[in-house]
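1. here is a sequence together with a model predicted from it:
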Amino acid sequence: MRGEERLKGYPFLDKANAPFVDRHVTKAGEIFYPWDGKRIDGFGLIGAPLSKSSISHSGASFAPTVIRKCLHAFSTYSVEEDLDLAQLKLPDLGDITMHVTDIVGSQARIEETMTKLLENEPNWQPIVLGGDHSISFPSIKAFASAKGTVGVIQFDAHHDLRNLEDGGPCNGTPFRSLLETGSLVGEHLVQVGIRDFSNSYPYRKYAEKHGVKVYTMKDVNARGILTILDEAVAKLKRSVDVIYVSVDMDVLDQAHAPGCPAISPGGMDSTTLLQGIFHLGKDSLVQGMDIVEVDPTLDFREMTSRAAAHVILNYLKGKCIKSIG
Ligand code: CA
């Protein structure tokens, strides 16, 4: 609802409870409404607040709530594209309820919930808010079983192809689990932003052996994010029905994402990530996304949650440009 309409008849009453309301500004958080169970036709948010599966300490379970809050810090207007997202009305499906002690049980709840929702709402294009990266295994597994052959573009500092024997299904294993269960073929996985001194040789070899396409940060810096993504999408389009984008916010340099549990230097800057997400959003084959590894308890001035909110907005901006074009 636009500012003028919201205030019509009640000049000093505002539902957002904000300290200041400019009648000519719509906040990005206002485009989402609590899902009423009615038919979903397009994008919708859902939270998967699981972080007990993290190798290191993580409060990423708090991220869905904080990222939603941060959407209220920004307007709906893209000055770069002269496009206002205020026209959108998108359902927020709420958070999937996690089990308190059973981590694998929580991952199963994510898969069951996503599967059921995608079965009942085949037009739903999920935007999943983690949680740590372990949530991508059940989310993509459900997405693949509902949508057909899936290709995944993973923004990440890490391969996330660790073995499952040492520590079980954690935030270091989601793509290993997808490959080993046959939910995803190695040739259909593209990793972007893989970083120095954050991975080990055996997992690089594992990626190569399974045909996973890996773009390191050196590749991103040398060739540019748009060139790389065009190449990745062109490759995937030859053999997949749909593309899911998994955004681990630790692909960003520690200067841009201090609230990630696994911070390090030499990463992507936020402008590059947002340009890439906008670019992918314009492609109609891209129909699902998750955003993971934001720990608001480690963050500084909600910098990382705000970057995550911009990932959502740039994705939607791409989708709106596409539908207009
Ligand atoms: Ca990861």
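-> Cool, got the structure.

2. so what's the closest residue to the ion within the stretch 151-300 of the chain up against?
-> Relative to the ion, the nearest point of the stretch 151-300 of the chain is residue 248 (3.8 Å; C-beta to the ion). For the C-beta atoms, the positions are set from N, CA and C on the backbone; glycine is no exception. Applying C-beta atoms under 8 Å, 6 or more residues apart in numbering, one finds that residue 248 lies in contact with 133, 154-158, 160, 260, 292-293.

3. for it, give its distance to residue 84.
-> 30 Å (C-beta to C-beta, to the nearest Å).

4. on that earlier part again, how close does the residue of the stretch 151-300 of the chain closest to the ion sit to residue 34?
-> Taking C-beta to C-beta, one finds residue 248 at 28 Å from residue 34.

5. try residue 90
-> Distance from residue 90 to residue 34, by C-beta to C-beta: 11 Å.

6. pLDDT wise, what is residue 322 at?
-> At residue 322, the model reports a pLDDT of 70.

7. give me the neighbour count for the nearest residue to it once chain neighbours are set aside.
-> Closest residue in space to residue 322, ignoring its immediate chain neighbours: residue 282 at 4.7 Å, by C-beta to C-beta, 6 or more residues apart in numbering. Residue 282 is flanked by 16 other residues according to other C-beta atoms under 10 Å.

8. residue contacts, residue 282?
-> 318-319, 321-322, 325.

9. centre of the chain to stretch 28-47, how far?
-> 16 Å (C-alpha atoms, centre = their mean, to the nearest Å).

10. next: stretch 316-325.
-> 18 Å.

11. what residues sit buried inside it?
-> Neighbour counts over stretch 316-325 (16 or more other C-beta atoms under 10 Å) mark 316-320 as buried.

12. cool, stretch 236-244 as well?
-> 236, 240, 242-244.

13. those residues in helices, which ones?
-> residue 236 (DSSP state H).

14. pull the most distant pair out of the buried residues of stretch 236-244.
-> Using C-beta to C-beta, the two most remote members of the buried residues of stretch 236-244 are 236 and 244, lying 10.3 Å apart.

15. give me the common contacts of those two.
-> What both residue 236 and residue 244 touch, as defined by C-beta under 8 Å, 6+ apart, is the set 151, 153.

16. so stretch 175-183, near the ion or not?
-> No. Figure legend: stretch 175-183 not in contact with the ion (C-beta under 5 Å from the ion); closest approach 8.4 Å.

17. outside of that stretch, which residues touch it?
-> Contacts for stretch 175-183 (C-beta under 8 Å, 6+ apart): 136-137, 140-141, 144-145, 150, 152, 154, 159-164, 169, 184-186, 189, 191, 206, 210, 212.

18. those: which ones sit near the ion?
-> residue 160.

19. which of the contacts of stretch 175-183 are buried?
-> Buried among the contacts of stretch 175-183 (16+ other C-beta under 10 Å): 136-137, 140-141, 144, 150, 152, 154, 159-162, 169, 184-186, 189, 191, 206, 210, 212.

20. who touches the nearest residue in space to residue 136 that is not next to it in sequence in this structure?
-> Nearest non-adjacent residue to residue 136, counting by C-beta to C-beta, 6+ apart: residue 174, 4.3 Å away. Residues near residue 174 by C-beta under 8 Å, 6+ apart: 133-137, 140, 160.

21. ok, now residue 276?
-> 155, 192, 225-226, 229 are the contacts of residue 276 under C-beta under 8 Å, 6+ apart.

22. now do stretch 184-204: distance to the chain's middle.
-> That offset, for stretch 184-204, works out to 18 Å (C-alpha atoms, centre = their mean).

23. show me which residues of it are buried.
-> 184-195, 198-199, 203-204.

24. before we move on, back to that, the residue of the stretch 151-300 of the chain closest to the ion pairs with what?
-> With DSSP bridges applied, residue 248 shows beta-bridge pairing to residue 292.

25. now it: how far from residue 313?
-> Counting by C-beta to C-beta, the gap from residue 248 to residue 313 is 18 Å.

26. coming back round to it: in helices only, show me the contacts of residue 248.
-> Per DSSP H, those never map to helices.
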